[in-house]
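S.K.: Compute the structure for the input listed below.
(one chain, ligands or ions: 2)
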Amino acid sequence: MNNKGIFIAIEGPIGAGKTTLANLLNDYLGYTLLREIVEENPFLSKFYTDIKEYALQTEAFFLFNRVKQLEDVNKNILSKCNGVVSDYHIVKNLIFAGITLDNNQFHRYKQVYNIFVNDLPQPDIIIYLNSNTDVLMRRIASRDRSFERQMDRNYIDNLRNEYKYYFNPLSIKHNFTGKEPIIIEVDNSDLDFLNNQSDKKYIIDKVEKAISSLGGNLECSN
Ligand SMILES: Nc1ncnc2c1ncn2[C@@H]1O[C@H](COP(=O)(O)OP(=O)(O)OP(=O)(O)O)[C@@H](O)[C@H]1O
Ligand SMILES: Nc1nc(=O)c2ncn([C@H]3C[C@H](O)[C@@H](CO)O3)c2[nH]1
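M.R.: Ligands and ions are numbered 1, 2, ... in the order given. Sure, this is the predicted structure:
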């Protein structure tokens, strides 16, 4: 029996629109927003200049930051029956590390990941956003973060493929710890949740349906 608040996580490659959708859903549902730490990662801008050289520090920083954020969210929000919308799922650590670390590093990173992630709260619902590579590149360029200006198209392509592998229905149960989440997969290459009312209704309806399918199992009434 689930006795925590509802936990929704949004995932997808860089520029897929996770933060945009997390803000929208959070406003609609009145949950607490959990935002990923980006600018605070002291290795990220160096990482983009030399991925091999800075990958280990970068991945380690992201992992331990997310572990701490999720521990806090569990203690302060979910365990008090309040809902959370997060603009990431911790599995993204494995997705990125799988393409940035060498095999030996990845093997050890995964062991540490499993040890820490086992005890963390797992989302009830994951919205997996996918867009084609051209759209991702365009959105990354238009957002114009300084450290993403030289973004390599192959890197985004590899990430998209890695996401596809992790969210493939056949690999879900191997890649997610704990209870299997409800996965809502949306290709938002041609959707605009912010400015198009029918696109917004489309995603909100899907999320509401998923939440109501959890309803009977929840002790909390959010
Ligand atoms: N559906 C959409 N249609 C058009 N533009 C969008 C859409 N969703 C997001 N954008 C724009 O694309 C850019 C990236 O969106 P956002 O920051 O939400 O992506 P993200 O997945 O959170 O990225 P990151 O992985 O880097 O954190 C932003 O400039 C945002 O305004
Ligand atoms: N290497 C690496 N590992 C991660 O776990 C990770 N999570 C996010 N990012 C990068 C992508 C965007 O530039 C920016 C915002 O998502 O941060 C990551 N990079």
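
S.K.: For burial, what's the neighbour tally of residue 59?
M.R.: 24 (other C-beta atoms under 10 Å). In this view, the C-beta of every residue, glycine as well, is placed from N, C-alpha and C.

S.K.: tell me which element the nearest residue to it once chain neighbours are set aside is part of?
M.R.: Nearest residue to residue 59 in three dimensions, chain neighbours excluded: residue 97, at 4.5 Å (C-beta to C-beta, 6 or more residues apart in numbering). Here residue 97, judged by DSSP states H and E, is contained in helix 92-100.

S.K.: What lies in contact with that helix?
M.R.: 11, 47, 51-52, 55, 58-59, 62-63, 66, 105-106, 109-110, 113, 155, 158-159, 162-163, 166, 175 (C-beta atoms under 8 Å, 6 or more residues apart in numbering).

S.K.: Looking at those residues, which are in helices?
M.R.: Judged by DSSP state H, the subset of the contacts of helix 92-100 located in helices is 47, 51-52, 55, 58-59, 62-63, 66, 105-106, 109-110, 113, 155, 158-159, 162-163, 166, 175.

S.K.: From the residues you listed, keep the buried residues only.
M.R.: Neighbour counting by 16 or more other C-beta atoms under 10 Å classes 47, 55, 58-59, 62-63, 66, 106, 109, 113, 159, 162-163, 166 among these as buried.

S.K.: got a list of what the residue most central in space within the chain touches?
M.R.: Centroid-nearest residue in the chain, with C-alpha atoms, centre = their mean: residue 88, separated by 2.4 Å. By C-beta under 8 Å, 6+ apart, the contact set of residue 88 is 9, 10, 11, 18, 34, 36, 66.

S.K.: Relative to the whole chain's centre, how far out is the helix or strand bottoming out on mean pLDDT in the chain?
M.R.: Least confident helix or strand, the chain: helix 172-175 with a mean of 74, by mean pLDDT, DSSP states H and E. Centroid separation between helix 172-175 and its chain, computed with C-alpha atoms, centre = their mean, to the nearest Å, is 15 Å.

S.K.: Out of the buried ones among the ones in helices among the contacts of helix 92-100, which is nearest to residue 84?
M.R.: Set against residue 84, the nearest of these by C-beta to C-beta is residue 66 (13.3 Å).

S.K.: Skip the chain neighbours and tell me the closest residue to the closest one.
M.R.: residue 90 (5.1 Å).

S.K.: Could you report the distance from the residue nearest to the centre of the chain to residue 122?
M.R.: According to C-beta to C-beta, to the nearest Å, residue 88 and residue 122 sit 13 Å apart.

S.K.: And for residue 140?
M.R.: Look at residue 140 and residue 122: by C-beta to C-beta, they are 29 Å apart.

S.K.: Sort out which residues of stretch 196-204 are buried, please.
M.R.: In stretch 196-204, counting by 16+ other C-beta under 10 Å, buried: 199, 200, 203.

S.K.: is ligand 1 contacted by stretch 197-207?
M.R.: No - for a cut-off given as C-beta under 6 Å from any ligand atom, stretch 197-207 has no contacts with ligand 1; the smallest distance is 7.4 Å.

S.K.: how about the CA coordinates for that stretch, as PDB?
M.R.: What follows is stretch 197-207 as a C-alpha-only set of coordinates in PDB (Å, rounded to 0.1, in the frame of the first residue of the first chain):
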ATOM      1  CA  GLN A 197      -4.700  24.700 -25.400                       C
ATOM      2  CA  SER A 198      -5.500  21.400 -27.000                       C
ATOM      3  CA  ASP A 199      -1.900  20.100 -26.500                       C
ATOM      4  CA  LYS A 200      -2.100  21.200 -22.900                       C
ATOM      5  CA  LYS A 201      -5.400  19.400 -22.400                       C
ATOM      6  CA  TYR A 202      -4.000  16.300 -24.100                       C
ATOM      7  CA  ILE A 203      -1.200  16.000 -21.600                       C
ATOM      8  CA  ILE A 204      -3.200  17.000 -18.600                       C
ATOM      9  CA  ASP A 205      -5.900  14.400 -19.400                       C
ATOM     10  CA  LYS A 206      -3.300  11.700 -19.700                       C
ATOM     11  CA  VAL A 207      -1.800  12.600 -16.300                       C
END
